[in-house]
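>>> Fold the stuff below for me.
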Amino acid sequence: MKTFSPNQLFQAGDTWPVGSFCLTDCRQLLPLIMECCGVRCGPELAGVGTAEEVLGVWVPLYQKWEQENQSGLIIETALKNRPGMSAFLKTYSGKPLPLVKGQLLGPVSLMAALKKKQFPFIDRDKILQFIGQSVLVQSDLLSKISQNRIICLDEPWAFTDVMAHRVWQELWDVVKFDPQIGLALHSCGPVKSTWFELPWHVVHVDFQELATGLAADARVWESTLEAFFKRGSWLAIGVLSSSPIAPAPDIAELMAEVKSVLKGASLNQILISTSCGVGDMNITSTKSRLQQLCKTAEAFVALASGAGNGRK
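Now for the predicted structure:
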């Protein structure tokens, strides 16, 4: 069986979608994802409201799964009926794409959500089993569109857990993932160098949070990233604001900052993204933001090429 190989699927400067969009009309959104995102995805429709939020999706699903014999069918039904994923599968099944990305809540944030809901007992082993099963189920759904799937664990609350990396290590140890499935990590809050020690295929972080970490402890971060890239992993940097009211950045200034912060890093293993989801609510502003992302990616490719780290 083929092993998931990012270096055969990504190019430096490819655009990486976080996956969450406030625009809810998939007839308008999916063509934009096809046009502007190097890595195509089944979108999470944040604009739908509570039904698509963490407490509206994942806590009830986990409770149902736990109470009803931990069936994968429960997860499959819930995931394929989410509006964004449903539209993605209906539109592109049987129309092979080179690579598709799925996204689901990670174990650290699920535990935090259960605590917030005052769940009476949190069984860590069961949560790891649930997340691992969800990865496999979502990957199987996406196999109708591509033989290459990467599933991103969304961990918005990871920075609040000092032992987050241990939970993820247990997930890797407990779940024997199919080698055709890539596994990624997303967190848009403060980041920790220990997160990069695990065998993620892609880690997506807010660029300014990464810059803050590097400034605070450059020696540790530089050696950590060196090892990370040496393993063949890719870093997706959120350089474009997710806020619909944020002004467009000066791309030349932004690229100068990227070059300064990531000096010595392998620019051949950098993907370009927004800092978090895309918060624009209408088609015009969403299209404008994604086109801005493409222009930023083009500027990065020029930067990488100029630094002797051109596209592969």
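
>>> Where do the helices of the stretch 51-200 of the chain begin and end?
For the stretch 51-200 of the chain, the helices defined by DSSP state H, counting those that start in this stretch cover 54-67, 72-80, 83-92, 107-116, 124-142, 164-174.

>>> residue furthest from the geometric center of this structure?
Distance from the C-alpha centroid of the chain peaks at residue 120, with 30.0 Å (Cα atoms, centre = their mean).

>>> tell me the pLDDT at it?
For residue 120, the model assigns a pLDDT of 84.

>>> can you give me phi and psi for it?
Note on residue 120: its backbone torsions stand at phi -60, psi -30 [degrees, to the nearest 10].

>>> residue contacts, residue 14?
By Cβ atoms under 8 Å, 6 or more residues apart in numbering, the contact list for residue 14 reads 38-39, 271-272, 297. C-beta coordinates here come from the backbone N, C-alpha and C atoms, glycine included.

>>> ok, now with 10 Å
Shown in contact with residue 14 (Cβ atoms under 10 Å, 6 or more residues apart in numbering): 37-39, 99, 234, 236, 270-273, 297, 300-301, 311.

>>> Please report phi then psi for it.
Per degrees, to the nearest 10, the backbone of residue 14 is at phi -60, psi 150.

>>> Go ahead and confirm residue 80 touches residue 74.
No. Residue 80 lies out of contact with residue 74 (Cβ atoms under 10 Å); the separation is 11.6 Å.

>>> Can you give me the distance of residue 25 to residue 289?
16 Å (Cβ to Cβ, to the nearest Å).

>>> hang on, the earlier thing: looking at it, the residue farthest from the centre of the chain is touching residue 114, isn't it?
Yes. Applying Cβ under 10 Å, one finds residue 120 in contact with residue 114, separated by 9.4 Å.

>>> In the stretch 201-312 of the chain, what residue spans correspond to helices?
With DSSP H, counting those that start in this stretch as the criterion, the stretch 201-312 of the chain has helices spanning 207-216, 218-230, 251-261, 283-306.

>>> how about these in TSV, adding mean pLDDT?
Converted to TSV, the helices of the stretch 201-312 of the chain look like this (pLDDT from 0 to 100):
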stretch	mean pLDDT
helix 207-216	95
helix 218-230	95
helix 251-261	94
helix 283-306	94
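
>>> sorry, back to before: looking at the helices of the stretch 51-200 of the chain, which is nearest to residue 261?
Of all the helices of the stretch 51-200 of the chain, it is helix 164-174 that lies closest to residue 261, at 22.3 Å by Cβ to Cβ.

>>> about what we covered before: indicate which one of the helices of the stretch 201-312 of the chain is closest to residue 43.
helix 283-306 (10.8 Å).

>>> Tell me the buried residues in that closest one?
Residues 285-287, 289-290, 292-294, 296-297, 299-301, 303-304 are the ones in helix 283-306 that count as buried (16 or more other Cβ atoms under 10 Å).

>>> for stretch 113-121, same thing?
113-114, 119.

>>> Show me what that stretch is in contact with.
By Cβ under 10 Å, 6+ apart, stretch 113-121 touches 53-55, 57-60, 62-63, 66, 105, 110-111, 122-123, 127, 156-157.

>>> could you redo the last one with a cut-off of 6 Å?
54-55, 59, 122 (Cβ atoms under 6 Å, 6 or more residues apart in numbering).

>>> ok, now stretch 62-82?
Counting by Cβ under 6 Å, 6+ apart, 61, 130, 133-134, 137-138, 141 sit against stretch 62-82.

>>> Tabulate the helices of the stretch 51-200 of the chain (JSON lines), appending distance to residue 245 and mean pLDDT.
Output for those, formatted as JSON lines (distance: least, Cβ to Cβ, whole Å; pLDDT from 0 to 100):
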{"stretch": "helix 54-67", "distance to residue 245": "24", "mean pLDDT": "95"}
{"stretch": "helix 72-80", "distance to residue 245": "32", "mean pLDDT": "96"}
{"stretch": "helix 83-92", "distance to residue 245": "24", "mean pLDDT": "97"}
{"stretch": "helix 107-116", "distance to residue 245": "26", "mean pLDDT": "95"}
{"stretch": "helix 124-142", "distance to residue 245": "32", "mean pLDDT": "96"}
{"stretch": "helix 164-174", "distance to residue 245": "31", "mean pLDDT": "94"}
